[in-house]
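>>> Here is the input, now give the coordinates:
(one chain, ligands or ions: 1)
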Amino acid sequence: MHWIGEVLGYFTSAFLWKGALLALQITVCALFLGLIFGLLIALARLSGNLLLSGVTWVYVWLLRGTPQLLQLVFIFDALPAIGLKFNSFTTAVIAFSMTEAAYAAEIIRGGILSVNRDQAIAASSLGMSRGQTLRRIVLPQALRSILPALAGQSITLLKMTSVASVIFVNELTFRSQQIVGQTFEFFTVFAAAGLIYLLMTSLISLGQAYLEYRMDPDRDRNSSLLSLLCTRLGFAKLVGTKTEATKPAVPAKPPAKLSPEERTAIVQRILSTHHSREPVDPDAPFVRCQKLWKSYGDREILKAIYLDVQPGEVVAVLGPSGSGKSTLLRLITHIESIDDGEITVGGRYVGYAKGVGKLVPTRHVERDRAQIGVSMVFQNFNLFANLTVLENIMEAPIRVHGVAPEEAEALARDLLAVVGLSGHADHLPHRLSGGQQQRVGIARALAIRPRLMLFDEPTSALDPELVGEVLSVMRTLADAGMTMIVVTHEMDFAREVADRVVFFDEGEIVEQGTPAEVIDNPQKARTRAFLRRLGGKEADAQTEADA
Ligand SMILES: Nc1ncnc2c1ncn2[C@@H]1O[C@H](COP(=O)(O)OP(=O)(O)OP(=O)(O)O)[C@@H](O)[C@H]1O
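Okay, the predicted model is just below:
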């Protein structure tokens, strides 16, 4: 068994560890540079810019499609012919960084694509810039799926540094070969080198486990490194570690419920201090759509729509599926751009400038939305999955409007009280019911103190018993004087709360008027047919519920 002693002797040899250190230095440098360039390449590939994505595609294709060995030799031996000469260490760092960038770019791109795009749309609708959305919402979520692949790639990179021996980089494998060349002790020397590689790659795996835990939104955010290790090793009970998932979802003492008057007063107080200094003319329409056209391909979705909404008015938009109702809202807040016509909100274009004959989109759409005060609530809630309920609400006030974190938290807690969710501030969205998520969505939209709220079928993804809680919050907003455009199939809500009902069909406004006029006494055959069909469905649903 004397060979064990020999392996240990080589394992502790300073000569081999100097080689290991060099391999580690090349890996860290290449990883650092590779990740930075990889992120830039991934963003370029996703940019939609044909030139950028084309050039970066070629880069990835070239670097992934040629052997690492060839790349090293090319930079070391061929580039000096055109005056570019690097020493062997620099050559190794350049070659490995370039390859790492190509692989990392694809891993990062995959991670970004795995994040639901609707969250980015929601962030943008709150006025967050693309950079903020990427940094705060998309990348933190993408990183969770990126990390395992990236750790694997880092381990491969560390092992690949042995290839650098061909250009005389004196790293671990090269040094092992030098010893073997003198002693011919193949087994013990290579076994020792293997152990050193294993130790280094194990450290990467440990780092991966730690980072995965840190990025787990379900973790207990106050846990220590010790409790993390105990949790990972399955000893959570020993240290009393509680993960977010094991904590009780219901608070011990339910917070006091606010009366409708109290809720309305809080909303009025919050909305009375809008960030915009621009006064609202009470006599001019707050939203003005003029001769609005929108097509997708050959299909005309909106055809010459004229619609004015007065400050404080609640407009309910009804109509069959596919008639263009959601498209109208998306055009008003400029999530989609108009083909022709004009939209102003508070007298301003949202992300457009006047061009020759028609509006031209500008790059300031998020900024305009934030300044004008347009907010939107989505059918599928689109809450930020990596942030708690409280953080979801605080995010836009802090990032977009520069509100101090303490002030933003106070505002968020007030809004949670209004929507009746004070006890859920620290929960992640996926732990809430649909109705609760939608109420958080409304609180989040309100936190930017908007002057116009757009609701895109806010209750249609909810079970019937959860619809009431969302509608009650929307009633509070209407009572507080909020200007609202609500796409809905909730006839009772439209009848009770809306000042005006607009009926859409096939991209046209068929008729509009008070709820009593349009819902109870429709003039057009198309409206009557739609209401009859809806009435039938409601009656069926009622029968099912009764049964
Ligand atoms: N990005 C898009 N690309 C292509 N077609 C689209 C796009 N967005 C919407 N459409 C189409 O435009 C039409 C109108 O869609 P829209 O979502 O505005 O309808 P809607 O009246 O809100 O319907 P629903 O009540 O079912 O949500 C639909 O036929 C839809 O398929």
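
>>> The helix or strand containing residue 411 - what's its average pLDDT?
Using DSSP states H and E, residue 411 maps to helix 405-418. The average pLDDT for helix 405-418 rounds to 93.

>>> Mind jotting down where the strands sit in the stretch 351-500 of the chain?
Under the criterion DSSP state E, counting those that start in this stretch, strands of the stretch 351-500 of the chain are mapped to 352-354, 359-361, 374-377, 452-456, 483-487, 500-505.

>>> residues near the residue in the stretch 151-300 of the chain positioned nearest to the ligand, how many?
Nearest residue of the stretch 151-300 of the chain to the ligand (CB to the nearest ligand atom) works out as residue 296 at 3.4 Å. Quick note: C-beta positions are derived from backbone N, CA and C, even for glycine. As a burial measure, residue 296 scores 10 neighbours (other CB atoms under 10 Å).

>>> quick one: it from residue 505, how far?
Applying CB to CB, to the nearest Å, the value for residue 296 to residue 505 is 17 Å.

>>> try residue 125
In terms of CB to CB, residue 125 sits 26 Å off from residue 505.

>>> more crowded one of these two?
Neighbours per residue (other CB under 10 Å) separate residue 125 from residue 505, with residue 125 holding more: 25 against 20.

>>> ok, the more buried one - contacts?
Residue 125 is in contact with 333, 335, 369, 374, 375, 376, 378, 445, counting by CB atoms under 8 Å, 6 or more residues apart in numbering.

>>> Isn't the fourth one up against residue 454?
Yes: using CB atoms under 8 Å, residue 374 is in contact with residue 454, at 7.0 Å.

>>> what do the two both touch?
Common neighbours of residue 374 and residue 454 (CB under 8 Å, 6+ apart) are 332, 333.

>>> re the thing from before, and the helix holding residue 411, what does it pack onto?
Under the contact criterion of 3 or more CB pairs under 8 Å, 6 or more residues apart in numbering; DSSP states H and E, helix 405-418 touches helix 260-271, helix 389-401, helix 434-446.

>>> rerun at 6 Å
Applying 3 or more CB pairs under 6 Å, 6 or more residues apart in numbering; DSSP states H and E, one finds that helix 405-418 makes contact with helix 260-271, helix 389-401.

>>> which bits of the stretch 401-547 of the chain sit near the ligand?
Residues of the stretch 401-547 of the chain lying near the ligand by CB under 6 Å from any ligand atom: residue 457.

>>> and what of the stretch 251-400 of the chain?
296, 301, 319, 321, 322, 323, 324, 325, 326, 327.

>>> If I look at the closest residue in space to the last one that isn't next to it in sequence, what pLDDT would I see?
The reference is to residue 327. In this structure, residue 327 finds its nearest non-sequential neighbour in residue 301, 5.1 Å apart by CB to CB, 6 or more residues apart in numbering. Here, the pLDDT recorded for residue 301 equals 92.

>>> Look up how far residue 339 lies from residue 301.
As judged by CB to CB, residue 301 and residue 339 stand 9 Å apart.

>>> Of those two, which one has the most company?
For residue 301 versus residue 339, neighbours defined as other CB under 10 Å are more numerous around residue 301 (20 against 15).

>>> got a list of what the more buried one touches?
Residue 301 is in contact with 294, 324, 327, 507, counting by CB atoms under 6 Å, 6 or more residues apart in numbering.

>>> okay if I get these as TSV plus distance to residue 348?
Compiled in TSV, the contacts of residue 301 are given as follows (distance: CB to CB, whole Å):
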residue	distance to residue 348
294	20
324	24
327	21
507	25
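
>>> Taking these, please make a ChimeraX selection of just the buried ones.
Burial among these is assessed by 16 or more other CB atoms under 10 Å; the matching ChimeraX selection reads:
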select :294,324,327,507
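
>>> nearest to the ligand, of the contacts of residue 301?
So of these, ranked by how close each gets to the ligand (CB to the nearest ligand atom), first place is residue 327, at 3.4 Å.

>>> Distance check, the residue lying closest to residue 416 once chain neighbours are set aside against the ligand.
Counting by CB to CB, 6+ apart, residue 416 lies nearest to residue 422, which is 4.9 Å off, once chain neighbours are set aside. For residue 422, the distance to the ligand equals 32 Å [CB to the nearest ligand atom, to the nearest Å].

>>> which helices and strands does the helix or strand residue 156 falls within pack with?
Residue 156 belongs to helix 139-160 when elements are defined using DSSP H and E. Other helices and strands packing on helix 139-160, by 3+ CB pairs under 6 Å, 6+ apart, are helix 14-46, helix 88-114, helix 186-214.

>>> any idea which of these is most buried?
helix 88-114 (a mean of 21; mean count of other CB atoms under 10 Å).

>>> and the angle from it to helix 14-46?
40 degrees (axes from the mean of the first three to the mean of the last three CA atoms, to 10 degrees).

>>> Quick one: list the elements packing against helix 88-114.
helix 14-46, helix 50-65, helix 68-73, helix 139-160.

>>> Domains in this protein, by residue range?
1-233, 285-373+469-546, 377-449 (the TED database).

>>> so can I have TSV of those showing distance to residue 266?
Formatted as TSV, the domains of the chain follow (distance: least, CB to CB, whole Å):
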stretch	distance to residue 266
domain 1-233	20
domain 285-373+469-546	9
domain 377-449	5
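
>>> and residue 261, which of these is closest to it?
domain 285-373+469-546 (8.9 Å; CB to CB).

>>> hang on, the earlier thing: now the contacts of residue 125: which count as buried?
With burial judged by 16+ other CB under 10 Å, the buried subset of the contacts of residue 125 is 333, 335, 369, 374, 375, 376, 378, 445.

>>> quick one: the third one and residue 127 touch, right?
Yes: the pair residue 369 and residue 127 passes the contact test of CB atoms under 6 Å, sitting 5.0 Å apart.

>>> My guess is the residue nearest to residue 416 contacts residue 415. True?
No: judged on CB under 6 Å, residue 422 makes no contact with residue 415 at a distance of 9.8 Å.

>>> Compare these two (neighbour count), which wins?
residue 415 (26 against 20).

>>> what sits against the more buried one?
393, 443, 446, 447.

>>> returning to that earlier point: confidence-wise, which of the helices and strands packed on helix 405-418 is weakest overall?
Among these, helix 260-271 carries the lowest mean pLDDT, at a mean of 81.

>>> now what about that one, what contacts it?
Residues outside helix 260-271 that contact it (CB under 6 Å, 6+ apart) are 414, 418, 449, 476, 479, 480.

>>> ditto for stretch 30-47
Contacts of stretch 30-47 (CB under 6 Å, 6+ apart): 52-53, 56, 93, 96-97, 100-101, 104-105, 108-109, 154.

>>> now, among the contacts of helix 260-271, which is nearest to the ligand?
Within those, proximity to the ligand (CB to the nearest ligand atom) peaks at residue 476, which comes in at 24.7 Å.

>>> Just give me the neighbour total for the closest one.
24.

>>> Then residue 535?
11.

>>> is it fair to say the residue nearest to residue 327 lies in a strand?
Yes: residue state for residue 301 (DSSP: H, G, I helix; E, B strand; the rest coil) corresponds to a strand.

>>> In TSV, list the contacts of residue 301 along with pLDDT and secondary structure.
Compiled in TSV, these are given as follows (pLDDT from 0 to 100; DSSP: H, G, I helix; E, B strand; the rest coil):
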residue	pLDDT	secondary structure
294	94	strand
324	92	coil
327	95	helix
507	91	coil
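
>>> in the sheet, who's paired with residue 316?
When bridges are called by DSSP bridges, residue 316 pairs up with residue 486, residue 501.

>>> Quick one, grab the pLDDT at it.
What the model reports as pLDDT for residue 316 is 94.

>>> Could you do the one 10 residues further on as well?
Predicted confidence (pLDDT) at residue 326: the value is 94.

>>> which residues touch residue 389?
By CB under 6 Å, 6+ apart, the neighbours of residue 389 are 424, 425, 427, 440.
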